[in-house]
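**Q** Could you work out the structure for the sequence below:
(one chain, ligands or ions: 2)
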Amino acid sequence: KVLQVEDTIREAQSQNAKLKSLQEQNDVLPKEETYKHRARINPRHRALERPQNELEPSTESIYELSIRMDLHKQDPALGALGTSAHLSGEAARRGEEIYKKISLNQEISERLSYNRTLVDSRHPACLRQTFDIKTLPSTSVIVIFYNEPYSVLVRTVHSTLNTCNEKVLKEIILVDDGSTNDELHGKLDYYISTRIPNGKVKVLRLKNRLGLIRARLAGARIATGDVLIFLDAHCEANIGWCEPLLQRIKESRTSVLVPIIDVIDSKDFQYSTNGYKSFQVGGFEWSGHFDWIEVSDREKKRQLRECDQPREICPAYSPTMAGGLFAIDRRYFWDSGSYDEQMDGWGGENLEMSFRIWQCGGTIETIPCSRVGHVFRDFHPYEFPNDRDTHGINTARMALVWMDNYVNIFFLHRPDLKNHPDIGDLTHRKLLRKKLRCKSFNWYLENIYPEKFVPTKNALAYGQIRALSKELCADDLSQNNEKPYNLGIFWCAKKLTKSQFFTLTDTQVLRNELSCATVPHGRGDGRVVKMVSCMDNDDYNEQWSYENEHLIHLNTGLCLDHMGLRSSDELQVTRCDNDSETQRWTIQHEKLL
Ligand code: LR7
Ligand code: MN
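**A** Ligands and ions are numbered 1, 2, ... in the order given. Predicted structure coming up:
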């Protein structure tokens with residue numbers, strides 16, 4: 001054992017020497033003096049000033065070594081200006097391996113500079129804006145993390161320091177939500193105290209994992225800036241993103257702001273934007289999920305009316321926000337009800353805050369001149385507390401407090417959550433809603449999001465479309481509603497689910513939440529039924545009528561027919577036949593028939 005330790009020490013010492021000579025050669029790495037000087041200010045690292053015991057390298061010197069090796073590994077040219085990065089050979093293989101585990105190519109991240117540059121993705125008109133820094137409110141940036149890759153987190157910190165004016169950036173608070181990953185403890189503390197000046201970056205350690213909602217609350221409690229800016233722990237902020245947020249809050253204290261969120265690819269770290277001409281804002285699905293929507297024409301008109309800048313860079317009202325990246329006046333954060341502390345784990349807090357802010361007198365706005373990149377991962381690299389669906393449970397809490405009787409539509413989509421025992425007590429949140437005299441969800445829909453389709457409103461019928469002769473139901477087969485797809489059929493679910501939820505509207509459109517049913521032009525009796533986005537299809541007002549258990553497509557006069565299909569097959573329309581069993585359907589809730 002002793003021999004082993006001695007070996008390690010010898011190796012460490014020789015590597016240290018190598019690095020030192022490297023440093024002298026090209027002066028890239030931080031100077032010894034600087035870090036010694038900083039170590040002196042930080043009583044935690046006093047140990048560094050004492051002569052080192054030759055046989056026992058201090059923990060600090062191991063951190064120091066490891067940090068230098070990290071810096072040595074980085075290639076400033078790689079991924080510069082936000083380009084994609086690629087590795088070859090063994091490194092490429094390691095990258096793919098780790099990607100499978102955490103949905104992020106950590107191997108690449110470790111080779112990108114912490115200070116890598118990005119392309120300025122703002123609208124050119126943004127460059128003409130000026131800010132009076134002296135009168136802007138100050139900000140605390142709060143970054144919560146749970147087992148995020150060290151290099152990704154450190155890059156989030158550096159990119160913030162590099163882009164947010166130091167006069168307004170009061171502090172960056174890193175909240176460790178009980179991470180178990182070693183690097184995120186001593187080494188991170190050591191990195192911060194030796195490499196980041198002014199004590200601007202603070203780390204708050206939570207003893208146990210409290211979930212992202214309570215972690216954000218813990219960060220907010222110790223923050224002292226006028227404005228709180230929350231970021232996920234895998235972001236890269238772009239040039240000039242801070243000032244426009246602070247300026248808008250200075251003008252309007254009850255505005256909650258989101259930057260445009262650019263995409264950092266989790267496989268190759270390419271920073272990509274959708275250009276500066278247009279961007280999306282936040283919407284929601286009745287199943288309780290956040291989604292992206294286009295800025296409505298109604299909103300564009302409002303912008304032209306109320307904002308004296310070029311419209312493209314005007315704040316855009318957003319019915320909801322994604323949740324991870326936003327700025328809010330610190331006092332307003334608390335006055336407006338911060339977060340629902342009884343929400344565990346991950347999810348749901350974003351819609352809760354969105355509905356609450358709008359219903360209780362605030363606004364949610366996208367600020368186009370503020371842009372921040374976020375690494376979008378394909379799956380969560382972490383487990384959920386007790387394996388629970390915290391997103392669903394939190395969303396049920398949200399819906400029961402804020403959605404009034406529209407909560408029924410949510411439960412129609414999520415019957416599994418109705419009366420779920422983990423939803424818990426809601427007294428406090430309901431009281432808050434009363435105290436703040438918030439408006440109804442109906443008001444929200446009518447005034448803030450009138451474009452939102454309400455599946456039970458003005459409906460002739462809604463729910464499952466069931467084949468009479470078999471236990472089969474029309475089903476979107478969980479296809480992506482952003483693209484056209486063929487309507488399918490599947491075993492009827494015992495309770496209504498999102499994929500079998502259809503509405504026949506009072507204008508006789510057959511649709512689900514996002515897509516409308518059409519029959520493509522063509523000839524012949526047997527044709528597929530296509531589901532296309534209701535927004536961008538001119539034919540979406542194609543009508544269907546429901547008569548004698550037949551669903552008839554009026555343009556063609558053909559009838560919906562499962563033709564003895566099997567589960568997962570595609571549905572068709574065929575020549576109507578009153579005697580055909582396979583053309584007979586019931587619709588679960590027939591309202592006005
Ligand atoms: O238990 C946890 N504790 C944590 O501290 C779980 C997570 N976290 C941290 C985590 O390390 C990360 O920094 O919380 C942050 C967010 O977690 P992600 O990155 O896994 O979430 P996400 O980006 O997939 O999810 C979006 O929705 C969430 C709903 O709860 C949060 O609001 C996220 O902040 C939010 N992210 C964004 O809005 C970025 C834009 C993406 C979109 C759409
Ligand atoms: Mn995230």
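
**Q** switch to C-alpha atoms for all contacts and neighbour counts from now on
**A** OK.

**Q** So the spatially closest residue to residue 531 that is not a sequence neighbour: helix, strand or coil?
**A** Nearest-residue entry for residue 531: residue 517, 4.6 Å, with adjacent residues in sequence omitted and distances by Cα to Cα, 6 or more residues apart in numbering. Residue 517 carries the three-state label strand when classified by DSSP: H, G, I helix; E, B strand; the rest coil.

**Q** Likewise for residue 282?
**A** strand.

**Q** tell me the pLDDT at it?
**A** Note for residue 282: predicted pLDDT of 98.

**Q** wait, isn't residue 269 in contact with residue 79?
**A** Yes - if you go by Cα atoms under 8 Å, residue 269 and residue 79 touch, sitting 7.2 Å apart.

**Q** Pull up the overlap in contacts between these two.
**A** Listed as contacting both residue 269 and residue 79 by Cα atoms under 8 Å, 6 or more residues apart in numbering are residue 85.

**Q** okay, now the residue nearest to residue 531: neighbour count?
**A** 27 (other Cα atoms under 10 Å).

**Q** Wasn't residue 463 part of a strand?
**A** Yes - counting by three-state DSSP, residue 463 is found in a strand.

**Q** residues in contact with the residue in the stretch 401-550 of the chain that ligand 1 sits nearest to?
**A** Nearest residue of the stretch 401-550 of the chain to ligand 1: residue 482, at 15.3 Å (Cα to the nearest ligand atom). Applying Cα under 8 Å, 6+ apart, one finds that residue 482 lies in contact with residue 533.

**Q** Confirm it sits in a helix?
**A** No - applying three-state DSSP, one finds residue 482 to be coil, outside a helix.

**Q** Tell me the spacing between it and residue 318.
**A** From residue 482 over to residue 318 the distance is 20 Å, taken as Cα to Cα, to the nearest Å.

**Q** which stretches of the stretch 401-550 of the chain have low pLDDT?
**A** Scanning the stretch 401-550 of the chain for pLDDT under 70 picks out the ranges 524-525, 536-541.

**Q** Please, where are all the helices along it?
**A** 407-413, 427-435, 441-447 (DSSP state H, counting those that start in this stretch).

**Q** can you list the residues of the stretch 51-200 of the chain near ligand 1?
**A** Contacts of the stretch 51-200 of the chain with ligand 1, taken as Cα under 6 Å from any ligand atom, map to 144, 145, 146, 148, 177.

**Q** Including secondary structure and neighbour count, could those go into JSON lines?
**A** Converted to JSON lines, those look like this (DSSP: H, G, I helix; E, B strand; the rest coil; neighbours: other Cα atoms under 10 Å):
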{"residue": "144", "secondary structure": "strand", "neighbour count": "29"}
{"residue": "145", "secondary structure": "strand", "neighbour count": "23"}
{"residue": "146", "secondary structure": "coil", "neighbour count": "21"}
{"residue": "148", "secondary structure": "coil", "neighbour count": "23"}
{"residue": "177", "secondary structure": "coil", "neighbour count": "23"}
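
**Q** Max pairwise distance over those residues: which two?
**A** 148 and 177 (10.4 Å; Cα to Cα).

**Q** Kindly report the domain assignment for this structure.
**A** Residue ranges for the domains of the chain, per automatic domain parsing: 2-111, 459-590.

**Q** Out of these, which is the most enclosed?
**A** Stretch with highest mean neighbour count among these: domain 459-590 (a mean of 19; mean count of other Cα atoms under 10 Å).

**Q** tell me which element residue 259 falls in.
**A** strand 255-265 (DSSP states H and E).

**Q** Centre of the chain to the helix or strand that that strand is followed by, how far?
**A** For strand 255-265, the following helix or strand on the C-terminal side (DSSP H and E) is strand 271-272. Relative to its parent chain, strand 271-272 has a centroid offset of 16 Å by Cα atoms, centre = their mean, to the nearest Å.

**Q** Now strand 271-272: average pLDDT?
**A** For strand 271-272, the mean per-residue pLDDT is 97.

**Q** okay, now residue 336: neighbour count?
**A** Around residue 336 there are 18 other residues, counting by other Cα under 10 Å.
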